[in-house]
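1. Sequence first, then the predicted structure:
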Amino acid sequence: MKHLPLISSLFASGLLCWGATATSAAAQALEDRFWFEASAFKPNIDTHVQVSPSYGMGAGTDISLESDLNLADRETLPDLFLGARLGSRWTITGEYFALDREGSVGLQREIVFDDVTYPVGVTLNSAFDTSVYRLSAAYSFIHNDRAEVGVSLGAHVTTFDLQLEGKGYIGSASLQALRRERDVLAPLPTLGLYAGYRITPRLSVGGRFDYMSLGVGDYDGELTNAQATISWQLFRNVGVGAMYRYVDYGLQIDKEKWTGDMSYQFSGPAVFLRVGF
């Protein structure tokens, strides 16, 4: 979470602007009733997964998907965002983005995943797919033609699917080709703060901060989302902009098919195109 001090400073100093969920809603024009945004987010990625053996003999390996499995640590992610105003104070928004990666590596250390031990030197193929869905409702207690400040309540729903395939062994069995896969759907509510200011008729700055730490059913999760945005209104209905975004998500799972941990961190720049009406 090394970027949080910088983002918090921007937020506190007034560069926090407006938005109703985790993406560049902070850049929408204050008078728009409906808007659509498409962005390209290019973050640095840090992902860790741990799945304990189902027979309860100790914990599984804390696997770095980038360092241990050679998955890409920097990708360009398409991001889609929709929003609508309900009157002058309420806003609802939705967002979707996904990250799919594959890798192959000769293991530099032993990995225990579920009930399989993959020893040093074997070639391990892997795939990790994740999709993020966000829905938020926001209330602006300040909203005029220059500024907006408010709070939001939302849901962050993530699906994970991890596959490992290579030669390994179970217990004292001989080395053989083994494939393991784990998937999970994890919902987590969020609370957010946002604000915004239009510097000129065309130029706006923005930012937001979302956070939640909560246990829900079989999950115990913590989520931090923060961003700072600047946008330029090209025409009445079209705007462009750039942002810096930070997402840190940690999840402890206690289910029959997955007992362990999952965490990911995205941080990096994005550019976007917005169409509003």
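-> Structure's in. What do you need? Numbering: from 1, shown residues only.

2. element containing the spatially closest residue to residue 38 that is not a sequence neighbour?
-> With CB to CB, 6 or more residues apart in numbering as the criterion, residue 38 has its nearest non-adjacent residue at 5.5 Å, and that residue is residue 273. The way it works is simple: take the backbone N, C-alpha and C, and place the C-beta from them, glycine included. Here residue 273, judged by DSSP states H and E, is contained in strand 259-276.

3. Then residue 141?
-> strand 123-143.

4. Same check on residue 209?
-> Using DSSP H and E, residue 209 falls in strand 203-216.

5. Give the pairing partners of that strand; include direction for each.
-> Looking at strand 203-216 with DSSP bridges, its partner strands are strand 176-198 (antiparallel), strand 219-233 (antiparallel).

6. Could you measure from residue 129 over to residue 47?
-> 12 Å (CB to CB, to the nearest Å).

7. Neighbour count for the two, which is higher?
-> Between residue 129 and residue 47, counted using other CB atoms under 10 Å, residue 47 has the larger neighbour count: 24 against 15.

8. follow-up on the earlier one: for the strands paired with strand 203-216, could you give me JSON lines that also reports mean neighbour count, distance to residue 150 and mean pLDDT?
-> JSON lines is the format used below for the strands paired with strand 203-216 (neighbours: other CB atoms under 10 Å; distance: least, CB to CB, whole Å; pLDDT from 0 to 100):
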{"stretch": "strand 176-198", "mean neighbour count": "17", "distance to residue 150": "6", "mean pLDDT": "90"}
{"stretch": "strand 219-233", "mean neighbour count": "21", "distance to residue 150": "15", "mean pLDDT": "91"}
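
9. Reformat the ones you listed as JSON lines; add distance to residue 261.
-> Formatted as JSON lines, these follow (distance: least, CB to CB, whole Å):
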{"stretch": "strand 176-198", "distance to residue 261": "11"}
{"stretch": "strand 219-233", "distance to residue 261": "10"}
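
10. can you list the weak-confidence ranges in the stretch 101-250 of the chain?
-> For the stretch 101-250 of the chain, residues meeting the criterion pLDDT under 70 lie at 216-217.

11. Would you check that residue 260 makes contact with residue 220?
-> No. Counting by CB atoms under 8 Å, residue 260 sits too far from residue 220 to count as a contact (11.8 Å).

12. ok, what's across the strand from residue 212?
-> residue 223.

13. The helix or strand encompassing residue 239 - which strands sit beside it in the sheet, and in what orientation?
-> Applying DSSP H and E as the criterion places residue 239 in strand 238-254. Applying DSSP bridges to the sheet, strand 238-254 is found paired with strand 219-233 (antiparallel), strand 259-276 (antiparallel).
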